[in-house]
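Asker: Below: sequence and its predicted model.
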Amino acid sequence: MSFVLVGLNHKSAPLDLLERVCLADAARAKLLVEIASRPEIGEAVVVSTCQRTELFAVAERFHPAVGDLRDALAAVSGVPVADLALHVVELHGDDAARHLFRLACGLESSVVGETEILGQVRTAAEEAAEAATAGPELSALFRRAVAVGRRARATTGIARGVASVSAAAVAMAADRLGGLAGRAVVVLGAGTVGEGMAVALAGAADPGAVVVANRSRARASALARRIGGRAVDFGALANELLDADVLLTSTGATETVVTKADLEAVQHERGGRDLLVVDVAVPRDVAPNARTVEGVTLLDMDDLRTFAALGEAGRRREVAAVEALIEAGLDDHHATMSGRRAAPLITELRARAEQMRVAELDRIEARLGGLDEREREAVDALTRSMVAKLLHEPTVRLKQAAGTAKGDRLAASLRELFDLDP
């Protein structure tokens, strides 16, 4: 059994393809069920965010498992396998595990060191546990990845400064406008990223009026109170944009919520006054062709990646320290899991030896008929002692080597020599 990763991310696939494979809650649940039905897959976790949709699995054979995972993703997302094949990432064993650890530490994000991904990795594991598709192997791996991600942020400077998509979106808007002081801003969406943008905005230098629009008015109201803003219904967006300087948007919608026609109508009412739109949703909230509307500047995740790359030099100097934590975390994980695998193997070896000892005593039962109870106990104790001494050294060496390549070889040899279950 080994770890397998199949997926697409912002490094391997264009934004329009990432939009097509980005999965809402119900689709992620459906994909987990689909994966679990595949014959080569033992366990599975799906991580789907605005920057990636990646399937982690435990499988017997790599190539058949990759085929199963690609087919499952195509079936649920509706994207043909041929389209996925051009951009899909396929990793195996330690490379797949290392990618997960890098993901949890923020090294695979467009904003290096971003903090939001850690919660998304944890949530993915929880969803898989609830769906009963994450067994002991993946559950342990994800727990270790989350722990290393926390340690990286606590002991290095990888998350220093702007280290989230939300904060980067606000910083990009401020950079484009020369600051947000006195600017009227509408935040569309009160989910994790929308909340992050609103909080980052509230911390900016003297922002103007801040309006939060969301399909759930209660959630919008709670966020607006938190940042000292005002909440409106989702349907009031067009009216609020008449006086806005900036629209920051990141909803969980699976289709466009702001069309070119919508912005044309708004701009007509505004008299063409400049409007900056920062759309960091995937799939995008704002139709890409809206960037042709006069007076509208539309920025999306591609622009955010370019902006973030310019300001992350300091955090990149922390990458080596984080990578050292990752390697140590992988070593710890291997040692823990190997130790767990060694314990039942040792138990089974001793059980097999005990079975053979008892069988041999039963075989010569007739020849022991002349022994009294005390003599029988002495024979039983003697044979027990001989078996224990015979197995002592192999047991000690297997425990000492657990978590190493040598330990794996010794375990494999024991299984082969004594015909033990794999």
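Answerer: Here it is on my side, so go on.
Asker: rest of the way, CA atoms for contacts and neighbours
Answerer: Will do.
Asker: Name all residues that make contact with His99.
Answerer: Glu108 (CA atoms under 8 Å, 6 or more residues apart in numbering).
Asker: what about it, distance to Glu312?
Answerer: For His99, the distance to Glu312 equals 20 Å [CA to CA, to the nearest Å].
Asker: And for Glu327?
Answerer: Counting by CA to CA - Glu327 and Glu312 are separated by 23 Å.
Asker: Pick out whichever of these two has more residues nearby.
Answerer: Set Glu327 next to Glu312 and count neighbours by other CA atoms under 10 Å: Glu312 wins out with 19 against 15.
Asker: got a list of what Tyr9 touches?
Answerer: You called it Tyr, but residue 9 is Asn. With CA under 8 Å, 6+ apart, Asn9 has these contacts: Leu18, Gln51, Arg52, Thr53, Glu54.
Asker: same thing with Ala198?
Answerer: By CA under 8 Å, 6+ apart, the neighbours of Ala198 are Val187, Leu223, Ile227.
Asker: Which one (most neighbours) among these?
Answerer: Counting by other CA under 10 Å, top hit in the contacts of Ala198: Val187 with 26 neighbours.
Asker: need the contact list for that residue.
Answerer: Per CA under 8 Å, 6+ apart, neighbours of Val187: Gly194, Met197, Ala198, Val210, Val211, Val212, Ala213, Leu247, Leu248, Thr249.
Asker: Could you look up the SS state of it?
Answerer: Recorded secondary structure, Val187: strand (DSSP: H, G, I helix; E, B strand; the rest coil).
Asker: And it, how far from Thr251?
Answerer: For Val187, the distance to Thr251 equals 10 Å [CA to CA].
Asker: Quickly list what's touching both of those two.
Answerer: Contacts common to Val187 and Thr251, judged by CA under 8 Å, 6+ apart, are Gly194.
Asker: which residues in the stretch 301-422 of the chain form strands?
Answerer: Taking DSSP state E, counting those that start in this stretch to define them, one finds no strands in the stretch 301-422 of the chain.
Asker: low-scoring stretches of it, by residue?
Answerer: By pLDDT under 70, the weakly predicted segments of the stretch 301-422 of the chain are 311, 314, 338-341, 402-405, 422.
Asker: about what we covered before: just checking, which of the contacts of Asn9 belong to helices?
Answerer: Mapping those onto helices (DSSP state H) picks out Leu18.
Asker: Filter the contacts of Asn9 down to the ones in strands?
Answerer: In strands, judged by DSSP state E, the following of the contacts of Asn9 are found: Arg52, Thr53, Glu54.
Asker: For the second one, give me the pLDDT.
Answerer: When you say that, I think you mean Thr53. Note on Thr53: pLDDT of 95.
Asker: Specify the beta-bridge partners of it.
Answerer: Leu8, Ser48 (DSSP bridges).
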